[in-house]
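Q: Structure for the following, please:
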Amino acid sequence: MTANLSLEFFPPKTPEGADKLRATRQQLYALAPEFCSVTFGAGGSTQEGTLQTVCQIVAEGRSGVPHLSCIGQTRASIRERLAAYRAAGVRRIVTLRGDLPSGFGPGGEFRYASDLVAFIRAEAGSHFKLAVAAYPEAHPQARSPEADLDAFRAKVDAGADIGITQYFFNADAYFRYVDELRRRGVTTPIVPGIMPITNSTQLLRFSDSCGAEVPRWIRLRLQAFGDDAASIKDFGADVVAALCQRLHAGGAPGVHFYTLNQAAGTLEVCRRAGVSAQGSTAL
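A: Residues are numbered from 1 along each chain as shown. Model prediction:
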């Protein structure tokens, strides 16, 4: 299987973490990712780390793509970020609403990701290609699945070029979501987000907090393995590799791996899925 492939990292907090991430990136570059995105903390809490990591990726000869969230931000602060990204040679941005840090009151001049997309388009024209978040199982704060689909359409209408989904394990949810968007006239590529399963406790905690469904049969199998880390990783790699193969067979335009700054899980999934990476033109 040949797949358009991209990777996501988060900014390291320590020098040791930075060294580890550098080594992780070198391993994952063997997959020939089209781009590597770097997350942006709640309320902009990691924005300098985001830029620093993106610059390192660019210096390594790869496309570094910063995440940019707008909650808690002002037009002036976003304008400053855009100038820094332009100076760093960035041509792509993952644009998000984001969350406020705990204890941080309401603030900022943007309410939705569509507002941020529209502002970037007004400020920078077509200089940046813009990706936005998509939710096959609906955003946990959405009033309804229909309202969530309308919210994605609003981001596209504001100027988004591509959607990257929250991770999921039910391929039918993804295909139905894409079909619903197509019925609404949305033609932009919707790239599936993929989460390797390497740690059951971590996965279930993440999933419960972000609203990603872990099917009951997967939960039960993971719980049955207990502390058997090797069996969890083996089972997880098979499950996620099969998911990637089904998505590819169904016409998904690529895959975006949430690496959690680890190489082994993503590499093993790609090996089992028979992935032969090639550059993507979707974003």
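Q: Residue 152 versus residue 39, what's the distance?
A: Note on residue 39: its distance to residue 152, by CB to CB, to the nearest Å, is 20 Å. Placement of C-beta: from N, CA and C, glycine included.
Q: Those two: who's more crowded?
A: Neighbour totals were compared for residue 39 and residue 152, and residue 152 leads with 25 against 19 (other CB atoms under 10 Å).
Q: Could you list every helix and strand in contact with the strand or helix carrying residue 147?
A: Using DSSP states H and E, residue 147 falls within helix 145-158. Here helix 145-158 touches helix 113-124, strand 129-134, strand 162-167, helix 171-183, going by 3 or more CB pairs under 8 Å, 6 or more residues apart in numbering; DSSP states H and E.
Q: Just send those back as a markdown table, with mean pLDDT too.
A: Supplementary listing: these in a markdown table, determined by pLDDT from 0 to 100:
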| stretch | mean pLDDT |
| --- | --- |
| helix 113-124 | 97 |
| strand 129-134 | 98 |
| strand 162-167 | 98 |
| helix 171-183 | 98 |
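Q: So for residue 84, which of those sits nearest?
A: Distance to residue 84, taken as CB to CB, is lowest for helix 113-124 among those, at 12.4 Å.
Q: That closest one: which residues count as buried?
A: The neighbour-count check on helix 113-124 (16 or more other CB atoms under 10 Å) flags 113, 114, 115, 116, 117, 118, 119, 120, 121, 124 as buried.
Q: which outside residues touch that helix?
A: For helix 113-124, the surrounding residues in contact (CB atoms under 8 Å, 6 or more residues apart in numbering) are 68-70, 75, 78-79, 82, 86, 93, 95-97, 110, 128, 130, 132-133, 151, 154-155, 157-160.
Q: Kindly list the longest helix within the protein.
A: helix 229-249 (DSSP state H).
Q: Alpha carbons only: can I get it in CSV?
A: C-alpha atoms of helix 229-249 as CSV (Å, rounded to 0.1, in the frame of the first residue of the first chain):
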residue,chain,number,x,y,z
ALA,A,229,3.2,-4.5,27.4
ALA,A,230,4.4,-6.7,24.5
SER,A,231,1.0,-8.2,23.9
ILE,A,232,-0.6,-4.8,24.0
LYS,A,233,1.8,-3.4,21.4
ASP,A,234,1.4,-6.5,19.2
PHE,A,235,-2.4,-6.3,19.3
GLY,A,236,-2.4,-2.6,18.9
ALA,A,237,-0.1,-2.7,15.8
ASP,A,238,-2.4,-5.2,14.1
VAL,A,239,-5.6,-3.2,14.9
VAL,A,240,-4.2,0.1,13.7
ALA,A,241,-2.5,-1.4,10.6
ALA,A,242,-5.8,-3.0,9.6
LEU,A,243,-7.5,0.4,10.1
CYS,A,244,-4.9,2.1,7.8
GLN,A,245,-5.4,-0.6,5.1
ARG,A,246,-9.2,-0.2,5.2
LEU,A,247,-8.9,3.6,5.0
HIS,A,248,-6.5,3.4,2.1
ALA,A,249,-8.8,0.9,0.3
